[in-house]
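> model this:
(one chain, ligands or ions: 3)
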Amino acid sequence: MSLEERIPQHVAIIMDGNGRWAQLRGKERAEGHMAGVEPIRTCIKAAIKHGVRYLTFYAFSTENWGRPTAEVEALMELLCRCIIQETPELKAQGVRVRIIGERTRFSERVRSFLDQIEQETAEGERLTMVLALNYSSRDELRRATQRMAAEVAAGTLTAAAIDEQCIAAHLDTAFMPDPDLIIRTSGEQRLSNFLMWQAAYAEFYFPEVLWPDFTAEDFAHALEVYAQRNRRFGKL
Ligand code: IPE
Ligand code: IPE
Ligand code: MG
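Ligands and ions are numbered 1, 2, ... in the order given. The predicted structure is shown next:
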C-alpha cells in the first residue's frame, strides 16, 4: 500500500520534554514550555500538508496541577497568550479548535479564552486541532459515568442500553474518531492517563527528541513509521 493510502486520520501527541529541554540550557522550565509552541505550529502545518484530519495535543493533564504554582501559572498565561496570538492564523488555515478535559477548574478568564477560540474557529474544515486541557482519561470516564447514571436516574437511558457506543458517545472525544497514531516525545514510553479508552488499537511511536526540538521532518518520519505498521484489530 502506498504511503498516501496509509495516512492516519487522527494523530495524538503527548508533548513531553519541555522541562528537560530548558534544564539542559540552564533556563527556567517555563522557557521550555514557551519553546514548545513552535513545534505545535509546525505539526499543524505538517498535518494539513499530509492530509491528517484530527490532531490532538496533550497540553495539560489533571495531574499537572500538582506542579509548583509558578509553573502552573506560567502555563496558564502561555495558553491565554497563544489563543490571542494564534487564532487569526488558525482561522486562515481552516483549523477548527476543540478542547477536551474538564473546564470548571480553570479560572473564568482562561475559560472565556477557551470558549472564544472554539467559537471563532468553528467553521474550520481542513483540520480539527484538539487541545487536551485539565484532561485525564480516568477523570473523563468518571464524568461520562456520572452523566450516564444521571440519565438512567432520569429515565432517558436504561442500564441495558449502555454499550461501547453509548460510553464512547459520553466521552469528551465523542465528536472524533479514535487516534490511529500516538506520538510521545522525550523517550518516555507511557500514556500518563491520556486517551486510554480511545487508544485501544492505536499505534505508538516514541521518538527520543524533546518536544521543543520536534520538527516537520520528525512528524513526517512518524507518518512513515505508521505507514509500515500492520494493524490487525484482533483479526487475521
Ligand atoms: C511537557 O513537558 C509539558 C507539560 C506537561 C505541560 P514537561 O514539563 O513534562 O517536561 P519534562 O518531562 O519535565 O522534561
Ligand atoms: C504528560 O506529561 C502530560 C502532558 C504532556 C501534558 P507528564 O510529564 O506530566 O507525565 P509524567 O508525569 O512524566 O508521566
Ligand atoms: Mg514530562
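
> which residue does this protein bring closest to ligand 1?
G19 (2.7 Å; Cβ to the nearest ligand atom). All C-beta atoms are positioned from the backbone trio N, CA, C, and that covers glycine.

> for the chain, what's the longest helix?
In the chain, taking DSSP state H as the definition, the longest helix is helix 69-92.

> hang on, the earlier thing: distance check, the nearest residue to the residue of the chain closest to ligand 1 once chain neighbours are set aside against ligand 2.
Nearest non-adjacent residue to G19, counting by Cβ to Cβ, 6 or more residues apart in numbering: R29, 4.5 Å away. Computed as Cβ to the nearest ligand atom, to the nearest Å, the R29 to ligand 2 distance reads 11 Å.

> now swap in Q119 and tell me
Going from Q119 to ligand 2 by Cβ to the nearest ligand atom gives 24 Å.

> next: K235.
Going from K235 to ligand 2 by Cβ to the nearest ligand atom gives 32 Å.

> that residue in helix, strand or coil?
coil (DSSP: H, G, I helix; E, B strand; the rest coil).

> mind checking pLDDT for it?
K235 carries a pLDDT value of 95.

> quick check: phi and psi at it.
Backbone geometry at K235, expressed as degrees, to the nearest 10, gives phi -110, psi 180.

> how many neighbours does it have?
By the measure other Cβ atoms under 10 Å, the count of residues near K235 is 5.

> buried sites along the longest helix of the chain?
71, 74-76, 78-80, 82-83, 86-87, 90-91 (16 or more other Cβ atoms under 10 Å).

> same question for stretch 15-23.
For stretch 15-23, by 16+ other Cβ under 10 Å, it's M15, D16, G17, N18, G19, R20, W21, A22.

> repeat that for stretch 49-69.
Within stretch 49-69, the residues scored as buried using 16+ other Cβ under 10 Å are 50, 52-62, 64.

> among these, which are in reach of ligand 2?
Y58, A59, F60, S61, N64 (Cβ under 6 Å from any ligand atom).

> TSV for the residues you listed, including secondary structure and pLDDT?
Formatted as TSV, these follow (DSSP: H, G, I helix; E, B strand; the rest coil; pLDDT from 0 to 100):
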residue	secondary structure	pLDDT
Y58	strand	99
A59	strand	98
F60	strand	98
S61	strand	99
N64	helix	98
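
> show me the contacts for the residue of the chain found nearest ligand 2.
Nearest residue of the chain to ligand 2, counting by Cβ to the nearest ligand atom: S192, 3.6 Å away. By Cβ atoms under 8 Å, 6 or more residues apart in numbering, S192 lies in contact with I14, Y58, S61, E63.

> can you check Y201 too?
Counting by Cβ under 8 Å, 6+ apart, Y201 makes contact with D178, R231, F233.

> show me which of the residues you listed are buried.
For the contacts of Y201, buried by 16+ other Cβ under 10 Å: D178.

> hang on, V52 in a helix?
No - the assignment for V52 is coil, going by three-state DSSP, so no helix is present there.

> quick check on the residue nearest to it when sequence neighbours are not counted: phi, psi?
Closest residue in space to V52, ignoring its immediate chain neighbours: V11 at 5.3 Å, by Cβ to Cβ, 6+ apart. V11 adopts backbone torsions of phi -110, psi 130, taken as degrees, to the nearest 10.

> close enough to count as contact, V11 and G51?
No - between V11 and G51 there is no contact under Cβ atoms under 8 Å: 11.0 Å.

> close to ligand 1: what parts of the protein are there?
Contact residues (Cβ under 6 Å from any ligand atom) of the chain with ligand 1: M15, D16, G17, N18, G19, R20, F60, N64, L75, S186.
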